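Participant: sequence and predicted structure below; questions after.
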Amino acid sequence: MKEKFWYFGYIVALLLILLMAFTEFPPGADMALAILFTCVFSVTHTQLLHRRMLHTDSSYRINVLDERNIAIKEKAGNITNMITLMLLGIAMLIFITLNYMVSAIIVGVIILIQPLVLIIASSIIEKKI
């Protein structure tokens, strides 16, 4: 069932390409649609390839599901999260210094929302395991 959901991403990516090809949006909007297309297509393709490899390649399955590798990925994710929070804080200070208040507020809201996302994601993953 979940695999069928990911095929929907290919349809969305195709619709984005068609939207870019047959409409006259400003260049900025076309660039945003191109970035969105890239994100949707990449995530869809990666997820489907990962699921296919889990089912067909036993060595890939062992490497992905190995407890040591999972622990390493979790530690790396936590360190990356801390570094990202620091960089967002630095960006917010730079925006405040340059009097870009809207940008500073957006980055500040992202910094405030990130722990909530972490709590929600942790509880969802905990329920699955």
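Facilitator: Happy to help now that I have it.
Participant: count of neighbours near Val40?
Facilitator: Neighbour count for Val40, taken as other CB atoms under 10 Å: 19. All C-beta atoms are positioned from the backbone trio N, CA, C, and that covers glycine.
Participant: no wait, Ile106
Facilitator: 13.
Participant: so which helix or strand takes in it?
Facilitator: helix 101-128 (DSSP states H and E).
Participant: helices or strands next to that helix in the packing?
Facilitator: Helix 101-128 sits against helix 67-97, with contacts defined as 3 or more CB pairs under 8 Å, 6 or more residues apart in numbering; DSSP states H and E.
Participant: where in the chain is pLDDT low?
Facilitator: 1-3, 129 (pLDDT under 70).
Participant: can you point out the buried residues in the helix holding Ile106?
Facilitator: Residues of helix 101-128 classed as buried under the neighbour-count rule (16 or more other CB atoms under 10 Å) are 104, 107-108.
Participant: mind checking how far the spatially closest residue to Leu54 that is not a sequence neighbour is from Ala71?
Facilitator: Excluding its sequence neighbours, the residue lying closest to Leu54 (CB to CB, 6 or more residues apart in numbering) is Arg61, at 5.2 Å. Note on Arg61: its distance to Ala71, by CB to CB, to the nearest Å, is 17 Å.
Participant: these two: who's more crowded?
Facilitator: It is Arg61, of Arg61 and Ala71, that has more neighbours when counted by other CB under 10 Å, with 13 against 10.
Participant: for the strand or helix carrying the more buried one, packing partners?
Facilitator: Assigned by DSSP H and E, Arg61 belongs to helix 58-65. For helix 58-65, the packing partners by 3+ CB pairs under 8 Å, 6+ apart come out as helix 27-56.
Participant: buried sites along the helix it packs on?
Facilitator: 33, 37, 40-41, 44.
Participant: same deal with stretch 11-24?
Facilitator: Buried residues in stretch 11-24 (16+ other CB under 10 Å): 13, 16, 20.
Participant: tell me how far that stretch is from the chain's mean position?
Facilitator: Stretch 11-24 sits 21 Å away from the centroid of its parent chain (CA atoms, centre = their mean, to the nearest Å).
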